[in-house]
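Student: sequence and predicted structure are below.
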Amino acid sequence: MANITAKDVQALRAKTGIGMMECKKALVEANGDVEEAIKILRKRGELKADAKAATRIAADGIVDVLKDGDITAMVEVNSETDFVAKNASFQEFVKNILKTIIANKPANVEELLASNYIEGDVTVEAKLKEMIFVIGEKISIRRFAVATGYTSTYIHGAGSIGVVVTFDADDAIVATDAFAEFAKNIALQIGAFTTPYLDRDSVPAKVIEDEKAIILAQMANDPKNAGKPENILEKMVVGKLGKFYENNCLLDMEYFKDDDLKVGKYVEKTAKELGGSIKITGFYRFEKGEGIEKKEEDFAAEIAKLAGGN
């Protein structure tokens, strides 16, 4: 049996980031062979990662963005707690995921997980399971987006919201400080307000049909509308739909720095001032944990249970 020293354990821990006791057990099982011990730790990590994935909810984490030349990538990586989201190794992992996305150009999360991780000789999925083992929480790569060309980005706070906006504009305009300021303002606008659609044409027909049905039902339930002519009711529907567009379409929204200006008019105004053409062609907005049902913790009950109460 190999003589496992504290120095050996420390060296394995430095390589893997895994706890001292786990490293010692792996070295003993591997009879001192470091590479074999790493394989053992990875296998154990996969088992623990699978167990966590089956039973836990990861709704915290961070959204982050990376630009490389004319490619911009954004990713949401979830953890169970904000404590882990602030962990330096977790944040480095997220940055490396962004680098991996740009290098491998996967079409979806499944392809990303099967891609070669930017560091080392493992897949993203294997590295993810290793991170779960090391950190001790469920971690999941939820979604990502890639944009090319002229973009502006914004990350709110410590990664709670991320925005990438794409533009079509003249090269001479893009090179100006004024355009950079304009593009930054558009990204801030999207970050500040939930923004489902770019413009009216982007809203699916089914969404408009459903909204009309809601408006008609509300009007039918209002006694004030009884006996009103059909043409008046139609105008009321159009007016209420206009309000829907103002709340849901970027170009119809009030510009956050000037209530008298719509975002669409702000784009036109800036293009005129800079003497060329500017068009917002699309955007991505990720809000950390949106749509994920978080587990409600009853801390009082948990403390009582630990104390031996009922």
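Tutor: On my side now, so go ahead.
Student: and the strands in the protein, which stretches?
Tutor: 62-68, 71-78, 140-148, 150-156, 161-169, 254-255, 258-262, 278-287 (DSSP state E).
Student: can I get those strands in CSV with mean pLDDT, mean neighbour count and distance to Thr194?
Tutor: Yep, even glycine has a C-beta here, placed from its N, CA and C like the rest. Putting the strands of the chain into CSV (pLDDT from 0 to 100; neighbours: other CB atoms under 10 Å; distance: least, CB to CB, whole Å) gives the following:
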stretch, mean pLDDT, mean neighbour count, distance to Thr194
strand 62-68, 97, 20, 14
strand 71-78, 97, 23, 16
strand 140-148, 96, 18, 16
strand 150-156, 97, 20, 13
strand 161-169, 97, 22, 10
strand 254-255, 96, 17, 14
strand 258-262, 95, 12, 17
strand 278-287, 97, 19, 8
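Student: need the contact list for Ala187.
Tutor: Ser152, Thr153, Tyr154, Val163, Val164, Val165 (CB atoms under 8 Å, 6 or more residues apart in numbering).
Student: who are the contact partners of the nearest residue to it once chain neighbours are set aside?
Tutor: Nearest non-adjacent residue to Ala187, counting by CB to CB, 6 or more residues apart in numbering: Tyr154, 3.9 Å away. Residues near Tyr154 by CB under 8 Å, 6+ apart: Ile161, Gly162, Val163, Lys184, Ala187, Leu188, Ile190, Gly191.
Student: would you turn these into CSV with distance to Ala11?
Tutor: Below are these laid out as CSV (distance: CB to CB, whole Å):
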residue, distance to Ala11
Ile161, 41
Gly162, 38
Val163, 43
Lys184, 47
Ala187, 45
Leu188, 47
Ile190, 48
Gly191, 44
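Student: pick the one among those residues closest to Ser115.
Tutor: The closest of these to Ser115 turns out to be Gly162 (CB to CB; 20.8 Å).
Student: partners of the residue nearest to that closest one when sequence neighbours are not counted in the sheet?
Tutor: Counting by CB to CB, 6+ apart, Val63 is the residue found nearest to Gly162 once chain neighbours are left out, at 3.5 Å. The partner list for Val63 in beta bridges (DSSP bridges) reads Glu76.
Student: might one say that Val63 is in contact with Ser160?
Tutor: Yes - contact criterion CB atoms under 8 Å: Val63 and Ser160 qualify, at 7.1 Å.
Student: what's the overlap in contacts for these two?
Tutor: Residues touching both Val63 and Ser160 by CB under 8 Å, 6+ apart: Glu287, Lys288.
Student: and the gap between the residue nearest to Ile97 when sequence neighbours are not counted and Phe133?
Tutor: Excluding its sequence neighbours, the residue lying closest to Ile97 (CB to CB, 6+ apart) is Val75, at 5.5 Å. With distances taken as CB to CB, to the nearest Å, Val75 is found 21 Å from Phe133.
Student: picking up where we left off before, will you turn the strands of the chain into CSV that also has distance to Lys228?
Tutor: Below are the strands of the chain laid out as CSV (distance: least, CB to CB, whole Å):
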stretch, distance to Lys228
strand 62-68, 47
strand 71-78, 47
strand 140-148, 46
strand 150-156, 45
strand 161-169, 42
strand 254-255, 29
strand 258-262, 29
strand 278-287, 39
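Student: using PDB, write out the CA atom coordinates for stretch 67-84.
Tutor: Below are the C-alpha coordinates for stretch 67-84, written out as PDB (Å, rounded to 0.1, in the frame of the first residue of the first chain):
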ATOM      1  CA  LYS A  67     -17.400  39.900 -26.500                       C
ATOM      2  CA  ASP A  68     -14.700  38.500 -28.800                       C
ATOM      3  CA  GLY A  69     -14.300  40.500 -32.000                       C
ATOM      4  CA  ASP A  70     -17.600  40.800 -33.700                       C
ATOM      5  CA  ILE A  71     -19.100  37.900 -31.700                       C
ATOM      6  CA  THR A  72     -21.000  38.400 -28.500                       C
ATOM      7  CA  ALA A  73     -22.200  35.600 -26.200                       C
ATOM      8  CA  MET A  74     -24.500  35.700 -23.200                       C
ATOM      9  CA  VAL A  75     -25.200  32.800 -20.800                       C
ATOM     10  CA  GLU A  76     -27.300  32.100 -17.700                       C
ATOM     11  CA  VAL A  77     -25.800  29.600 -15.300                       C
ATOM     12  CA  ASN A  78     -27.900  28.700 -12.300                       C
ATOM     13  CA  SER A  79     -26.900  27.700  -8.800                       C
ATOM     14  CA  GLU A  80     -29.000  27.000  -5.700                       C
ATOM     15  CA  THR A  81     -27.800  30.100  -3.700                       C
ATOM     16  CA  ASP A  82     -26.400  33.500  -4.300                       C
ATOM     17  CA  PHE A  83     -23.500  32.500  -2.000                       C
ATOM     18  CA  VAL A  84     -22.300  30.200  -4.800                       C
END
